[in-house]
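J.: using only what follows, build the 3D model:
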Amino acid sequence: MATQSIGLHTEDTGGSGRAVILIHGWPLSGKAWEHQVQALAGAGFRVITYDRRGFGQSDKPESGFDYSTLANDVADIIEAKALTDVSLVGFSMGGGEVARYVAEHGESKLHSVVFAAAVPPYMMKTPDNPDGPLTKEKADEMEAGIKADRTAFFDQFTKDFFSANGVLKVSEDERQKAIALCHQSDQTAALGCMASFGTTDFRDDLKAITVPTLVIHGDADGIVPVEGSGARTHAAIPGSEMVVVLGAPHGFNVSHAEEFNRHLIAFLRK
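T.: Modelled structure (predicted):
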């Protein structure tokens, strides 16, 4: 489907259930949610996934990788499908779209929001954000790595993505599927979004959230550590619920899919 001349690849289970939009992490695509789609549809929800601009099967523009533009893409999908009472579920980078959507588009069309292993409130460690889990040195290292050798970078990244305390928590087949999704990303988009999720401050955005909120995170997340992200987001949103999945890595929607889905469905049914 085309939104603002950007073709965003979407998949929609249809049906009469309340809509849930699943927003994927970097540098994957909507296919990263395969362990959630049928579980949610089986629980009665209408499940919508899409590939972020520059990723998966969506168009690969040269710009628009700032969070305000990315949140506009979410708003365009909601408008094009005439959705109301929607739940937004943002994984990792996708949590930024959730926060920015609420801050700039309001909550009139929302039922609830979910931050899953998500990057808010603010990843980059700075003088006024000392608890940020991402150092400038690590961000620079990531940028240099993907520029130098995408294949080697994605191989190591997926190991880190699915590992808890140094142990891979998914099958090699699952990791290879993730690598294939990584390689569908456009390099300009990958770099632009890397800069955005690393440096965007969502602390003010989170203040705008009043709808029911779930924060769900693995306690062994080595990509977006819970102490600097999920725990702080939970503290920033009054009344939010927090679920910590023990022994779970960053990609816990795959490694711990059954537990992840159980908590997610229980929350979405509220």
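
J.: can you pull the poorly scored residue ranges out of the stretch 1-150 of the chain?
T.: Counting by pLDDT under 70, the stretch 1-150 of the chain contains low-confidence residues at 1-5.

J.: which residues does Phe260 contact?
T.: His35, Gln36, Ala116, Ile216, Val245, Ala248, Phe252, Asn253 (C-beta atoms under 8 Å, 6 or more residues apart in numbering). Where C-beta positions appear, they are placed from N, C-alpha and C, glycine not excepted.

J.: number of nearby residues for the fifth one?
T.: Under the neighbour criterion other C-beta atoms under 10 Å, Val245 is assigned a count of 23.

J.: pop out the phi and psi values for the residue lying closest to it once chain neighbours are set aside.
T.: Leaving aside its chain neighbours, Val245 sits nearest to Gly218 (4.9 Å; criterion: C-beta to C-beta, 6 or more residues apart in numbering). Main-chain torsions, Gly218, degrees, to the nearest 10: phi -90, psi 140.

J.: distance of Gly218 relative to Arg150?
T.: Applying C-beta to C-beta, to the nearest Å, the value for Gly218 to Arg150 is 26 Å.

J.: looks like the residue nearest to Val245 contacts Phe162 (just checking).
T.: No. Using C-beta atoms under 8 Å, Gly218 makes no contact with Phe162, being 10.6 Å away.

J.: in stretch 242-254, what counts as buried?
T.: By neighbour count on 16 or more other C-beta atoms under 10 Å, the buried set for stretch 242-254 is Met242, Val243, Val245, Ala248, Pro249, His250, Gly251, Phe252, Asn253, Val254.

J.: looking at those, which is nearest Ala19?
T.: Asn253 (18.7 Å; C-beta to C-beta).

J.: which SSE is the closest one in?
T.: Following DSSP states H and E, one finds Asn253 within helix 252-255.

J.: output the next helix or strand after that helix as CSV, restricted to C-alpha atoms.
T.: Once the chain leaves helix 252-255, the next helix or strand it forms, by DSSP H and E, is helix 257-268. C-alpha atoms of helix 257-268 as CSV (Å, rounded to 0.1, in the frame of the first residue of the first chain):
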residue,chain,number,x,y,z
ALA,A,257,7.6,-16.9,22.2
GLU,A,258,5.1,-18.8,24.4
GLU,A,259,5.7,-16.8,27.5
PHE,A,260,5.9,-13.5,25.5
ASN,A,261,2.6,-14.3,23.8
ARG,A,262,0.9,-15.2,27.0
HIS,A,263,1.7,-11.9,28.7
LEU,A,264,0.9,-9.9,25.5
ILE,A,265,-2.5,-11.5,24.9
ALA,A,266,-3.4,-11.2,28.6
PHE,A,267,-2.7,-7.5,28.5
LEU,A,268,-4.3,-6.9,25.1
